[in-house]
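J.: How does the following fold in three dimensions:
(chains A and B)
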Amino acid sequence: MHHMDAIDLLLSQGIEEIYPSKQKLEAFLRSGKKLRVYQGFDPTGPQLHIGHAVAIRKLRQFQDLGHHVIFLIGDATAVIGDPSGKTTARKLLTREEVIKNAEQYKEQAGKILRFDGENPVEILYNSTWLGSMNAVEFVSLAHYLTYQQVIERDMFQKRVKEGQELYMNEFLYPILQGYDSVAMDVDVEIGGTDQLFNMMMGRKLMRIMKQKEKFVITVPLLTDAKGNKIGKTEGNVIGLTDQPNDFYAKIMSLGDDAIAPCFHLLTDQLVSADNIRKDPLAWKKRLAFELTKQFNTENEAKEAQRQFELRVQEKNFLAADLPEYPLSHISGETIVEQLLSLGLIESKSEGKRLIAQRAVSINNASVSNHATPHAFKSGDIIVVGKKKAGKIVA
RNA sequence: GCUGGGGUGGCGGAGUGGUCAAUCGCAACAGACUGUAAAUCUGUCGCCCGAAAGGGCUGCCCAGGUUCGAAUCCUGGUCCCAGCACCA
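T.: From the prediction side, this is the model:
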C-alpha cells in the first residue's frame, strides 16, 4: 500500500465509476501524457449550484496536474433539450434564455476553476460546431449509431413502456452531445451519473470516427441519505456565487443526512458518519465554514459563521449585521402599513396574520397590536418571522 | 384534418347553477419544541376595511351572453391532451 498521491486522489475520491477502467486511465496519467479533459454544462438555468461543484472539483484536479481542461458550454444542446433524468419532456428554452444563462457560468465556475495564468481552463461553446452543421452532415453522423443503441436507454424504455411521449429531439440529443467529444478531440469526459448514457455515446463516436479510446468518469449526484438531490430543491438553490452569509445559512439549513455526502464530495476531508452523529451541529458548521471558505475567502467564511451564530443561534440581532432601512422610508398610519412601506411584508393581510401569530418583534418585544403605529427611531431592530430582520438607520 | 377529452390557487387535484375565496394532498409561512435544521404538534396560507364580530372587492384560459345568481349553462376564440386519418 503506497502513499496516496494526487493521482490516487483524483481517481478515487468522489468518483462513481471510470470507463473503460480505472487502471487504464491511471496508466495514462502516470505516463506523463497531457490529456484533454472536458465537462459540458447545458445552460438551462441561471446558476451553477453546489451539485455542479462535485464534477467541477474533479476538473480542477486535472487542471492542477497540468492537463488541458475544457469547460464546455452547451449553448446549442441546451436549446435542444437533454432528456437525462426527466420522466417527462422538458420545455424548450429560447436562444435568449440560454445565452443569458451561459454568460454567468464563467464567473460561477471561476469559484473553482482557474481561467487565467498558467494552463488556464478553456471555454468552448458547442454551437461553434453544432450550429454550422447542416442536415446532411447530421444525418450522416446518425449513421454511426443504431436505433437499437439509442432506444436501449433505460429512460427511453420507461417512457415508451408507460405510453409517454418521446420526442425526436430527445432521441437525437445523445448524438449531438456525443459529437462534442469528436469536435474537441478530447481524451476524458466528466459528468454526473445521469450523464452516463450521453457520455458513452461520445465514447462510441470517438472510437469510430477518431479511433481513440475516450475515458468517461462519472461522479455521484449530490444527494442526502434519502436520495434527495441537494442544492437544487425548487426555489432553494445553493448557488456557488451566493453571498457568503446566505451561502453559509443555506448549508446550515440542510438536513443532517446531507453532512456526510457533502464532506465526501465537496471537500478533501473524510468524516465518518459515526463522528457526525456524535455532534451533527458542530460538523455541519464545520462543513458550512469549509464550503464558504472554498468558494470565497477564509475571512468571509469566518464572518459568515459569526453572523450565523449571532442571528440564528444566539438571536442577538443587536450585534448582527442586518440589512439597513432608512427611517425616512417609513410611512403609514399603522405598524402594518409601516412594515409594508419597508417591504418587510408582502401585503397588509400578511402583516396582520404574522402579528397575530406573534411573528413580529421590535427590539425583542413582540408586537401584539397591528392597528397602531410604532414610533420608529434609528437603531431599532425589526424581526419578521425567522428569516427576515432589519435595522432602522437615520 | 376528423373525433373525443380538457384548461381551477406555487404544484397535483376536487367541485359541474347558489351554502365556493373554492374539499383534499404537497409545497410554503408562523408558533411551540430543538442542536441551525429535520421530525412532531398547533395554526395560517387572494386582496382590502374592521379591535373583533363581520363586511367588501377581485378570482377558477380569454371575450361575450343566459340567469336574481356561474368555476359550473350557452356562443365565439385560444391553448393542451388522447385516438384516428393523412404523409407527394
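J.: what ranges of chain A fall below the confidence cut-off?
T.: For chain A, applying pLDDT under 70 flags the ranges A:1-3, A:45, A:79-97, A:158-167, A:223-236.
J.: quick one, domains of it?
T.: As assigned by automatic domain parsing, chain A contains the domains A:6-219, A:244-313, A:324-393.
J.: Is it possible to get CSV of the ones you listed that adds distance to RNA strand B?
T.: All C-beta spots, glycine's among them, are computed from the backbone N, C-alpha and C. As requested, the domains of chain A are arranged in CSV below (distance: least, Cβ to the nearest atom of the strand, whole Å):
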stretch, distance to RNA strand B
domain A:6-219, 5
domain A:244-313, 3
domain A:324-393, 3
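J.: In this model residue A:378 seems to touch residue A:394, though I could be wrong.
T.: Yes - with contact defined as Cβ atoms under 8 Å, residue A:394 counts as touching residue A:378 (4.2 Å).
J.: Which neighbours do those two have in common?
T.: Listed contacts common to residue A:394 and residue A:378 are residue A:327; contacts here mean Cβ atoms under 8 Å, 6 or more residues apart in numbering.
J.: Just the strands from chain A, written as ranges.
T.: All strands of chain A, identified by DSSP state E, fall at A:17-19, A:36-41, A:68-73, A:122-125, A:188-192, A:215-219, A:324-326, A:360-362, A:365-366, A:381-384, A:388-393.
J.: Quick one: these as CSV, columns for mean neighbour count too.
T.: Converted to CSV, those look like this (neighbours: other Cβ atoms under 10 Å):
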stretch, mean neighbour count
strand A:17-19, 17
strand A:36-41, 23
strand A:68-73, 22
strand A:122-125, 16
strand A:188-192, 24
strand A:215-219, 22
strand A:324-326, 14
strand A:360-362, 19
strand A:365-366, 10
strand A:381-384, 21
strand A:388-393, 18
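J.: could you dump the ones you listed to TSV with distance to residue A:347?
T.: Output for these, formatted as TSV (distance: least, Cβ to Cβ, whole Å):
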stretch	distance to residue A:347
strand A:17-19	52
strand A:36-41	39
strand A:68-73	41
strand A:122-125	44
strand A:188-192	41
strand A:215-219	44
strand A:324-326	18
strand A:360-362	14
strand A:365-366	20
strand A:381-384	13
strand A:388-393	14
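J.: wait, which of these is closest to residue A:175?
T.: Across those, residue A:175 has its closest neighbour in strand A:36-41 (14.0 Å, Cβ to Cβ).
J.: Please tell me how far that closest one is from the chain's geometric centre.
T.: 16 Å (Cα atoms, centre = their mean, to the nearest Å).
J.: Just the buried residues of stretch A:197-213, please?
T.: Residues of stretch A:197-213 classed as buried by neighbour count (16 or more other Cβ atoms under 10 Å): A:197-206.
J.: try stretch A:284-303
T.: Neighbour-count burial for stretch A:284-303, with 16+ other Cβ under 10 Å as criterion, is recorded at A:284-296, A:300-301, A:303.
J.: same question, stretch A:143-160
T.: By neighbour count on 16+ other Cβ under 10 Å, the buried set for stretch A:143-160 is A:144-145, A:150, A:153, A:155-156, A:159.
J.: which residues touch the closest residue to residue A:26 other than its chain neighbours?
T.: Leaving out its chain neighbours, the residue that sits closest to residue A:26 by Cβ to Cβ, 6 or more residues apart in numbering is residue A:11, at 5.8 Å. Contact analysis of residue A:11 by Cβ under 8 Å, 6+ apart lists A:18, A:22, A:25-26, A:29.
J.: Would you write a PyMOL line that selects the buried entries of those?
T.: In PyMOL, this line selects whichever of the contacts of residue A:11 come out buried by 16+ other Cβ under 10 Å:
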select buried, chain A and resi 18+25+29
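J.: which ones among the contacts of residue A:11 are found in helices?
T.: Counting by DSSP state H, the contacts of residue A:11 place A:22, A:25-26, A:29 in helices.
J.: who's the closest residue to residue A:362 other than its chain neighbours bridged to?
T.: Leaving out its chain neighbours, the residue that sits closest to residue A:362 by Cβ to Cβ, 6+ apart is residue A:382, at 5.5 Å. Judged by DSSP bridges, the bridge partners of residue A:382 are residue A:362, residue A:390.
J.: returning to what we had before: export the ones in helices among the contacts of residue A:11 to JSON lines and tack on distance to residue A:114?
T.: Formatted as JSON lines, these follow (distance: Cβ to Cβ, whole Å):
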{"residue": "A:22", "distance to residue A:114": "26"}
{"residue": "A:25", "distance to residue A:114": "23"}
{"residue": "A:26", "distance to residue A:114": "24"}
{"residue": "A:29", "distance to residue A:114": "20"}
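J.: now for stretch A:30-48, what's the gap between its first and last residues?
T.: For stretch A:30-48, the first and last residues are 32 Å from each other (Cα to Cα, to the nearest Å).
J.: Equivalent analysis for stretch A:259-273, please.
T.: 9 Å.
J.: now stretch A:13-30
T.: End-to-end distance (Cα to Cα), stretch A:13-30: 17 Å.
J.: neighbouring contacts of it?
T.: A:7, A:10-11, A:35, A:54, A:57-58, A:65, A:187-188, A:193, A:196, A:200, A:203, A:213, A:215-220, A:264-265, A:268, A:270.
J.: Quickly list what the residue most central in space within chain A is bridged to.
T.: The centroid of chain A falls nearest to residue A:49 when counting by Cα atoms, centre = their mean (1.7 Å). In this entry, residue A:49 is beta-bridged to residue A:239, by DSSP bridges.
J.: pretty sure it is touching residue A:250, no?
T.: No - counting by Cβ under 8 Å, residue A:49 stays clear of residue A:250, with 9.8 Å between them.
J.: joint contacts of these two?
T.: Shared contacts of residue A:49 and residue A:250, counting by Cβ under 8 Å, 6+ apart, come down to residue A:238.
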